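Visitor: this one's structure only:
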Ligand SMILES: O=P(O)(O)OC[C@H]1O[C@H](O)[C@H](O)[C@@H](O)[C@@H]1O
């Protein structure tokens, strides 16, 4: 609970920021930089291997001081401690929120609701490592005795995005002799494409679902089981349940449902209700990633997470990288009216990072009521989106540079190229890549005035079109290289960014009631499409007409 139950906008700290915004909100980054020669080296924080340059934001040192005071007022410190102690900081589901325990190297001594959660975590990590080693080493074989060559993760949301994003991010560390696929969508093409060139005899499915009730995942898993059993039968190998036992493992909190599905619970890797779906990447949900990169690299990734967890807990907010990311975003969302946040990784391997962050940020903070159920008094969660640089530059950066909406952007870059580029001596390319990583935030911040454009001999009529207004804010996050540890540090930084925002806004960042209604409606509508003679379901005139259209399109009577 916040230490002060007043709506945040009524606190003196908020009002001080509102007043301060009236004074500095219109200042141009050109002037802020001109007045303060140290700005580019002082408005910087480091944490672990991460370097955050936040100097190209529309703020001053005073803003940072006021934002840090706001964080204190909102009770960020107490709330963080309550979370890591295992208090039920998710009150609408009456649960603890302990994803930080998943990467704590300590192997015991944190008892929550009567269970030593650290001991539980390390027990599962040990089983995961044993399993990953057996698959990687060829000791775990399929039903016909063949070693596993392809791993298909079946899951959606938090049971997909983390491992899928990280598998791509950590290509330097993945075992390239194994094929990895990630199936999430209930669109039947997703599974069909993922399996079309695989051999059932050497394919292992990891069915990941916290609840083991998710329609998409269970449907895909059932289809995958059919594909496997039929495929093996076609090769002359029968045996339904023994085959399933060799080719299916589960990741879940729900042993009963796993058994009901027909997966031997001896092949289940558990986690707990105190791990939220979008915070579950470092739980057993990371199993397929661990198979890909091996237990050692996986541990390095967990240690990276832990480094930032500790930094977030202990660093003063003016030097606290995740807290600053969150507070700067509050500054834009609530005082400048920004509604979106671009995340622009200069790394092709981070192509899925924006998608990962969309769930993390938008499912956590897309809320309109405060923890006590009263309406929020200030705007909350922003739309998070992005694409890797340099691709975005040739697509949507035009709007970032000259459009009428304010889009704060996080640029993420790495000094060293990934191994494949280095081994093929493509370093020159990486430098060009980095030159773009530097140029974009600079153009956004400083732009180009009409005088500068005219001085280049531009025709008068074109000058206004070529003016670059500048004053468009961005963060630069730099790390030496995209390693497992650095990926862990980055993800943890964004997790705590989200937490910081949520505490300031007074909302519960750990529930997601808004996704339920659509699920219920889908299950009501499914029979209309699936059966020839479904009982009439009266939805609304628009949905009813669409149902008729789709039935006709499938050759069924409307
Ligand atoms: O892991 P599961 O229980 O299958 O849930 C998968 C996803 O579905 C839900 O709708 C939630 O909104 C997500 O937070 C969750 O990650």
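Guide: Great, that's in hand. Keep in mind that what you see is a predicted model, and the values were worked out from it rather than measured.
Visitor: Kindly report the residues of the protein close to the ligand.
Guide: Within the chain, the positions lying close to the ligand (CB under 6 Å from any ligand atom) are 156-159, 209-211, 214, 217, 277-278, 363, 512, 515. Just so you know, the C-beta spots here come from the backbone N, C-alpha and C atoms, and that holds for glycine as well.
Visitor: what sits against the nearest residue to residue 278 once chain neighbours are set aside?
Guide: Leaving aside its chain neighbours, residue 278 sits nearest to residue 158 (4.4 Å; criterion: CB to CB, 6 or more residues apart in numbering). For residue 158, the contact set (CB atoms under 8 Å, 6 or more residues apart in numbering) comprises 210, 276, 277, 278, 279, 280, 281, 285, 359.
Visitor: can you count the residues close to the closest residue to the last one other than its chain neighbours?
Guide: Think residue 359. Excluding the flanking residues, the one nearest residue 359 by CB to CB, 6+ apart is residue 278, at 4.8 Å. Residues lying near residue 278 (other CB atoms under 10 Å) number 26.
Visitor: what's the spacing between residue 278 and residue 330?
Guide: 20 Å (CB to CB, to the nearest Å).
Visitor: Is residue 162 in contact with residue 287, as I believe?
Guide: No. Checked against CB atoms under 8 Å, the pair residue 162 and residue 287 is beyond contact range at 10.9 Å.
Visitor: does the residue nearest to residue 278 count as helix, strand or coil?
Guide: Three-state call for residue 158 (DSSP: H, G, I helix; E, B strand; the rest coil): helix.
Visitor: pull the helix or strand with minimum mean pLDDT from this protein.
Guide: Sorting the helices and strands of the chain by mean pLDDT, DSSP states H and E puts helix 419-423 at the bottom, at a mean of 87.
Visitor: Distance from the helix or strand following that helix to the middle of the chain?
Guide: Using DSSP states H and E, the helix or strand that follows helix 419-423 in sequence is helix 427-446. Here helix 427-446 is found 25 Å from its chain centre; the criterion is CA atoms, centre = their mean, to the nearest Å.
Visitor: Please report the distance of the closest residue to the ligand within the stretch 1-150 of the chain from residue 276.
Guide: The ligand sits closest to residue 93 of the stretch 1-150 of the chain, with a gap of 11.5 Å, by CB to the nearest ligand atom. Distance of residue 93 to residue 276, computed by CB to CB: 9 Å.
Visitor: shared neighbours, the two?
Guide: residue 510.
Visitor: of the two, who's got more company?
Guide: residue 276 (23 against 16).
Visitor: Surely that one is in contact with residue 97?
Guide: Yes. With contact defined as CB under 8 Å, residue 276 counts as touching residue 97 (6.5 Å).
Visitor: list residues touching both of these two?
Guide: With CB under 8 Å, 6+ apart as the test, residue 276 and residue 97 both reach 90, 510.
Visitor: any chance you could map the helices in the stretch 251-400 of the chain?
Guide: Along the stretch 251-400 of the chain, counting by DSSP state H, counting those that start in this stretch, helices occupy 255-261, 287-314, 321-330, 353-357, 364-365, 397-402.
Visitor: Deepest in the core, which of these is it.
Guide: Of all these, helix 321-330 has the most neighbours on average by mean count of other CB atoms under 10 Å, namely a mean of 26.
Visitor: Tell me how far the residue nearest to residue 278 lies from residue 141.
Guide: Counting by CB to CB - residue 158 and residue 141 are separated by 30 Å.
Visitor: Also residue 78?
Guide: 52 Å.
Visitor: List the buried residues in stretch 190-208.
Guide: Across stretch 190-208, burial judged by 16 or more other CB atoms under 10 Å covers 190-191, 194-195, 198, 200-208.
Visitor: What is the nearest of these to residue 349?
Guide: residue 194 (20.0 Å; CB to CB).
Visitor: Toward the C-terminus from the helix or strand harbouring the closest one, list the very next helix or strand.
Guide: If you go by DSSP H and E, residue 194 is part of helix 188-195. Toward the C-terminus, helix 188-195 is succeeded by strand 203-208 as the next helix or strand (DSSP H and E).
Visitor: Mind pulling the model confidence for residue 5?
Guide: Listed pLDDT for residue 5 reads 65.
Visitor: now swap in residue 238 and tell me
Guide: For residue 238, pLDDT reads 81.
Visitor: Could you check how far the closest residue to it other than its chain neighbours is from the ligand?
Guide: Nearest residue to residue 238, sequence neighbours excluded (CB to CB, 6+ apart): residue 232, at 7.2 Å. Distance from residue 232 to the ligand, counting by CB to the nearest ligand atom, to the nearest Å: 26 Å.
Visitor: Can you list the buried residues in the helix or strand containing residue 72?
Guide: Element membership for residue 72 (DSSP H and E) is helix 61-74. For helix 61-74, a neighbour-count test (16+ other CB under 10 Å) marks 63, 64, 66, 67, 68, 69, 70, 71, 73, 74 as buried.
Visitor: Pass me the low-pLDDT residue ranges in the stretch 201-350 of the chain, would you?
Guide: Along the stretch 201-350 of the chain, no part satisfies pLDDT under 70.
Visitor: Quick one: residues contacting the residue in the stretch 451-558 of the chain that the ligand sits nearest to.
Guide: Closest residue of the stretch 451-558 of the chain to the ligand, CB to the nearest ligand atom: residue 515 (4.1 Å). Residues in contact with residue 515 (CB under 8 Å, 6+ apart) are residue 363.
Visitor: Model confidence for it, exactly?
Guide: If you check residue 515, the pLDDT there is 96.
Visitor: just residue 537 next, same as before
Guide: 74.
Visitor: what number of residues lie near it?
Guide: Around residue 537 there are 13 other residues, counting by other CB under 10 Å.
Visitor: I'm done for today, thanks for sticking with me.
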